[in-house]
Every structure is written in C-alpha cells, then in structure tokens.
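# Sequence plus predicted model, see below.
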Amino acid sequence: MKPLTILVAGESWIKHTIHMKGFDQFHNTEYEEGATVFLDNLAADGHEVTYVRGHEISSRFPKTAQEIDHYDVVVISDIGSNSFQLPDETFLRSEMSPNRLGVVADYVRRGGGLVMVGGYLSFTGIDAKARFGMTPLADVLPVTMLTYDDRIEVPEGCKVEVRLPGHPVLGDTPNEWPPLLGYNRVIPRDDAEVVARSGDDPILVTGTFGSGRAVAFTSDLAPHWAPPEFVEWTSYAHLWTSILSWAGGRS
C-alpha cells in the first residue's frame, strides 16, 4: 500500500509547577509531547507525517484548501477548538482570519480524511472546554457531541468490544484489545457505523461526509487513557495504520 501523507495536530502541553517547601517556593516549567510512540510507528511504516504541536497551530496549521489538500488524512488529538478558532491574528489583533476548522470541514467534503482521537481536550472535553460541537466539525464527525463534560473515567480498566470485526478500518487486528482507562462519551449518528464500543458507549465510529471519510476514536492514543498495555500492544501500530488508511480512502 502506498504510504499516507498525514497531518497530526495536538498531543503536546506545557506544565507550570509550583514547588512549596516549607517557607520557600519556586516554579518550574516543562514541555511534554504525548504522541511519540504513535508518530514513531507511523514513520516506521513509511508514512509521511507532519506534526503540528499545540502551540504551533496558530502559525502552522493549514489555512487554505491548497495547504490542507497536500494531506491524505488529518488527525486531531487532545487539542481544543479554541486553538484553531482563536489564532494570534484574531485573538491578539482583532483581525479576520480563516476558520481553520471550516477549512478541515471543506477538505473532508472534497474527499479528505479526518480522525479525531479522544482526550481531555477532544470532542466536548473536560469542563466542556474543547467544544468541537460548536464548530464546523460538528457536522463532519460521525458522532453527536454532548453539551457538557463528556469524560468517562474508568480507572479499573474498560473492556472494548469489537462489534464489526470484518470492518476494513480494523485491518486484520485482533478482536481482543487491551483495556483502556477512559474515553469521551458521544452519540453515534444514525448513518454511522459503531465498529467498537465499551458497554453502550462508542469507542471507534466511522462515517462519511460529502466525498470524504471521518473517524471518531473516543479514547486516547497515549497515556493516560491509553495505558502501557495498549500503547505497547503488538497490534497498536497496525490498528492506527488501518484507521488512517480507511479515513484516507485506501480501504
């Protein structure tokens, strides 16, 4: 299969910590990325990957059809809609700018692929701050998003049931998945296919929009919802390649 050209956005963060030691305190700042294993696996499979970190979205995420049409599939993971809709030129200088999520929606309508991966700032997200249900992607994704905090925390581990084992989005990955530690609760659209679920909640949902394809993977590709058992799973890389290939119209 011809390698995919993939744009991945999100999965990075900055931590500012206050250390308090008796009378004294000091601060330190750390930068972290969560998608390292995911990105390394895609590169090892020969795919061409462009990674746009959370703080780079304002300057590097595509603003035009010409820019985004370079890619077979776009992955948005754990980065809220504000980062796309409040770029520096608009938030800091009150200048009009393209709605980057509208650019994504039009891209899928023309035949592009979109995968949204779950996390604290995916779908509706923690304290409803991700708010993708209030953006152009609300019509693109194969799920309806809640209007309130949609996180389902399962610290004891949740079992995933593959409902459509023959679906091409899975490739030939096993039906038995390692447990996950949580996900975003969504409601599948009537014309979508729920490929995998946990209880009554969707985990992997596929759908179409215009001439393109969209996938909702409601759990994580990295910790904390994706524990080591999932990230180190022998089928982890193949599952993601299969999901991205389906979204990109390769299967």
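Perfect, I can see it now. Numbers count the residues shown, from 1 in each chain.
# Residue 9 contacts residue 80, correct?
No. With contact defined as Cβ atoms under 8 Å, residue 9 does not reach residue 80; the gap is 11.1 Å. Backbone N, C-alpha and C define where each C-beta goes, glycine included.
# can you give me the strands for the stretch 1-150 of the chain?
5-10, 12-21, 24-33, 48-52, 73-77, 113-117, 143-145 (DSSP state E, counting those that start in this stretch).
# for those, which one sits closest to residue 101?
Nearest to residue 101 among the strands of the stretch 1-150 of the chain is strand 73-77 (8.9 Å), distances taken as Cβ to Cβ.
# related to what we said a few turns ago, the strands of the stretch 1-150 of the chain: which one's closest to residue 210?
Between residue 210 and these, the shortest gap by Cβ to Cβ is with strand 113-117, which sits at 11.1 Å.
# What's the mean pLDDT across the closest one?
Per-region confidence: strand 113-117 scores 98 on mean pLDDT.
# Count the neighbours of the residue nearest to residue 2 when sequence neighbours are not counted for me.
The shortest distance from residue 2 to any residue that is not its chain neighbour, by Cβ to Cβ, 6 or more residues apart in numbering, is 7.5 Å, and that residue is residue 250. Other residues within reach of residue 250, judged by other Cβ atoms under 10 Å, total 17.
# Next one: residue 250 from residue 129, what distance?
34 Å (Cβ to Cβ, to the nearest Å).
# In this structure residue 198 contacts residue 161, no?
Yes. Using Cβ under 8 Å, residue 198 is in contact with residue 161, at 7.0 Å.
# Looking at these two, which is more packed in?
Neighbours were counted for residue 198 and for residue 161 using other Cβ under 10 Å; residue 198 has more, 21 against 14.
# contacting residues around the nearest residue to residue 58 once chain neighbours are set aside?
Of all residues not flanking residue 58 in the chain, residue 87 sits nearest, at 4.2 Å (Cβ to Cβ, 6+ apart). Contact partners of residue 87, counting by Cβ atoms under 8 Å, 6 or more residues apart in numbering, are 57-58, 97, 100.
# So among those residues, which ones count as buried?
Burial by neighbour count, 16 or more other Cβ atoms under 10 Å: within the contacts of residue 87 this picks out 57-58, 100.
# which of those lies closest to residue 179?
The shortest distance between residue 179 and any of the buried ones among the contacts of residue 87, using Cβ to Cβ, involves residue 57 and amounts to 31.5 Å.
# any idea how far residue 190 is from that closest one?
In this structure, residue 57 and residue 190 are separated by 32 Å, where distance is defined by Cβ to Cβ.
# Kindly report the same for residue 152.
Plainly put, residue 152 is 22 Å away from residue 190 if you go by Cβ to Cβ.
# Of those two, give the one with the bigger neighbour count.
The neighbour count for residue 152 versus residue 190, taken as other Cβ under 10 Å, is higher for residue 152 (19 against 6).
# How about the backbone phi and psi for that one?
Dihedral angles phi and psi of residue 152 (degrees, to the nearest 10) take the values phi -120, psi 110.
# May I have the beta-bridge partners of it?
Beta-bridge pairing of residue 152, defined through DSSP bridges, involves residue 183.
# quick one: it and residue 100, what's the gap?
According to Cβ to Cβ, residue 152 stands 28 Å off from residue 100.
# hang on, the earlier thing: of all the strands of the stretch 1-150 of the chain, which lies closest to residue 185?
Distances from residue 185 to each of these were compared using Cβ to Cβ; the shortest belongs to strand 143-145, at 9.0 Å.
# Buried ones in the closest one, by neighbour count?
Going by neighbour count (16+ other Cβ under 10 Å), the buried part of strand 143-145 is 143, 145.
# rewinding a little: I'd like the strands of the stretch 1-150 of the chain laid out as TSV, including distance to residue 173.
Written out in TSV, the entries for those read as follows (distance: least, Cβ to Cβ, whole Å):
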stretch	distance to residue 173
strand 5-10	19
strand 12-21	27
strand 24-33	25
strand 48-52	20
strand 73-77	18
strand 113-117	16
strand 143-145	21
